[in-house]
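> here is my input, please return the structure:
(2 chains)
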Amino acid sequence: MNDQDIQDILLRSQNGDSIAFGTLVSRYQSYAFGLALRLLHDEHDAEDVVQDAFIRVWNHIGEFKPENRFTTWLYAIVSNLCMDRLRRGTRWRKLLARESEGLDPEGVPDVERPEEIHANRELVRIIKQLVLHLSPKQRLVFVLRDLEDCSVQETSAISGMSEGAVKSNLCHARRHIREMLAMTYDLKEL
Amino acid sequence: MKCADYERLIHLSRPGERNEREEEELARHLRVCGRCAQLHLEMGRTDDYIDGLRSLKPALPHPDLLTDRILAAIAPRQATPSRARALFEMLHALLMRPSVRHAYAAAVSVAVALFLYEQVSLVKSLHRLEQRMEESVRPRAGAAVTYTLDSHTLRRTGALELLRPILDPGDYRLRNGDLLVRKESIEAYTSKASLQRLRSLASAYGIDVPEARIEALLDELKGAASVQLRLDMEGG
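Residues are numbered from 1 along each chain as shown, chains lettered A, B, ... in the order given. Model prediction:
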């Protein structure tokens, strides 16, 4: 699917074509899910955010300007929703509740896709350890820039921070992660 | 710059994060500062670790189910419409309200009733008009009705002079060759005596008119009081 196809789908979606919008959802939902999971560390929360994000996209798709990148707009919406959740702390309260009850934080394993579950859990576990003590802003720029591979300019556009603020938060995040890795592994031996 | 400043640059380690001048200054500093050089090395290994982490892509558990959920959630809604579409949808929503639909039904019922009433009135008016026309055509008692006696033979032979013995001058007049006879005179002319005079007169000019034929014509003339009768004597 090239840029022109995407533009056509966006135009049709703007005209209320829900089938075209379905194509758009199929095309981008995994990217949105990846970002949400890396920020929230919970599959169910990430899916909820993706759903809310696409509903928001549908409701405001008339405001989208074709000269902008759709992924930047989508990522900004997903990021905002994730940051709202992180700020509200619902995720952490839920986690604390689960842990206090002695339950598996990831819920009952899905026997139909044990490998995916394992991969997602392992990834989540690693990222969670790395970013556990980062502020929400530091976490956001780290995930966008280092894990989603967005440029500094894109990270700035998505997060709403200036490029200077992006670099500053990125610096703090990487220093912390470097120190975390140094404590966990002997980086000299890596 | 101090080591703290270079440390910041060391952590801006991915391509495009440092400008050319910063790259050069950092390179110069790393050649002379062992601590920062060690930090730079650690950051390089951290970058490698993060690169590996970046390559791990989270897998969406049930993509189709999530798509269905999203589409189900947006189905009852409408996308941001164009202005014309928004206007159309607003009007549509307004016109489809129950109260407006009931008003439609009432308006249509009244329109249909008015139309039917108008049609019935028209039919009644036409009927009355027909009755009036019929009454105007139907001869009233004592009214003067004129009949036309058309005959090429009469015209050819100078009918006026020949008919004078049987027609009083005030009972007829000639128009475009037709003989117009007053109704009151018809009664007198349809008598037996008048019949015989007419027949004799016709015979004198070589026209043989059977008596039965003349009687039939006169009966027809008397019976058809409301229509114009053309009596063609030429055909006998």
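
> in the helix or strand hosting A:Q138, what's buried?
Using DSSP states H and E, A:Q138 maps to helix A:136-142. Within helix A:136-142, the residues scored as buried using 16 or more other Cβ atoms under 10 Å in any protein chain shown are A:136-142. For glycine as for every other residue, the C-beta is placed from the backbone atoms N, C-alpha and C.

> show me what it is packed against.
Applying 3 or more Cβ pairs under 8 Å, 6 or more residues apart in numbering or on different chains; DSSP states H and E, one finds that helix A:136-142 makes contact with helix A:70-88, helix A:114-131, helix A:152-159, helix A:163-184.

> name the surrounding residues that touch it.
By Cβ atoms under 8 Å, 6 or more residues apart in numbering or on different chains, the surrounding residues in contact with helix A:136-142 are A:39, A:79, A:82-83, A:86-87, A:131, A:134, A:155, A:159, A:161, A:165-166, A:169-170, A:172-174, A:176-177.

> get me the contact residues on chain B for chain A.
By the rule Cβ under 8 Å from any Cβ of the partner chain, the part of chain B lying against chain A is B:7-8, B:11-14, B:16-17, B:41-43, B:45-46, B:48-50, B:53-54, B:56-61, B:63, B:66-67, B:69-71, B:73-75, B:77-82, B:85.

> about what we covered before: export the helix holding A:Q138 as CSV, just CAs?
Listed next in CSV are the C-alpha coordinates belonging to helix A:136-142 (Å, rounded to 0.1, in the frame of the first residue of the first chain):
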residue,chain,number,x,y,z
PRO,A,136,6.1,9.8,31.9
LYS,A,137,7.7,12.3,29.6
GLN,A,138,11.1,10.5,29.7
ARG,A,139,9.3,7.2,29.1
LEU,A,140,7.4,8.7,26.1
VAL,A,141,10.4,10.2,24.3
PHE,A,142,12.4,7.0,24.9
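
> quick one: mean pLDDT for that helix?
Regarding helix A:136-142, the rounded mean pLDDT is 92.

> equivalent analysis for stretch A:43-51, please.
Stretch A:43-51 shows a mean pLDDT of 92.

> can you give me how far it is from the chain middle?
Offset of stretch A:43-51 from its chain centre (Cα atoms, centre = their mean, to the nearest Å): 10 Å.

> ok, the residue nearest to B:C33 when sequence neighbours are not counted - contacts?
Closest residue to B:C33 apart from its sequence neighbours, by Cβ to Cβ, 6 or more residues apart in numbering or on different chains: B:C3 at 6.4 Å. B:C3 makes contact with B:29, B:33, B:35-36 under the criterion Cβ under 8 Å, 6+ apart.

> again, only this time at 10 Å
Neighbouring residues of B:C3 by Cβ atoms under 10 Å, 6 or more residues apart in numbering or on different chains: B:10, B:29, B:33, B:35-36, B:39.

> now rank the residues you listed by neighbours and give me the top one.
Counting neighbours by other Cβ atoms under 10 Å in any protein chain shown, B:I10 comes out on top of those with 25 neighbours.

> and for A:C150, the neighbour number?
Neighbour count for A:C150, taken as other Cβ under 10 Å: 22.

> phi and psi next, for it.
phi -80, psi 150 (degrees, to the nearest 10).

> where along chain B do the helices fall?
B:3-11, B:20-32, B:34-55, B:63-74, B:83-95, B:98-137, B:152-156, B:159-163, B:183-189, B:192-204, B:211-223 (DSSP state H).
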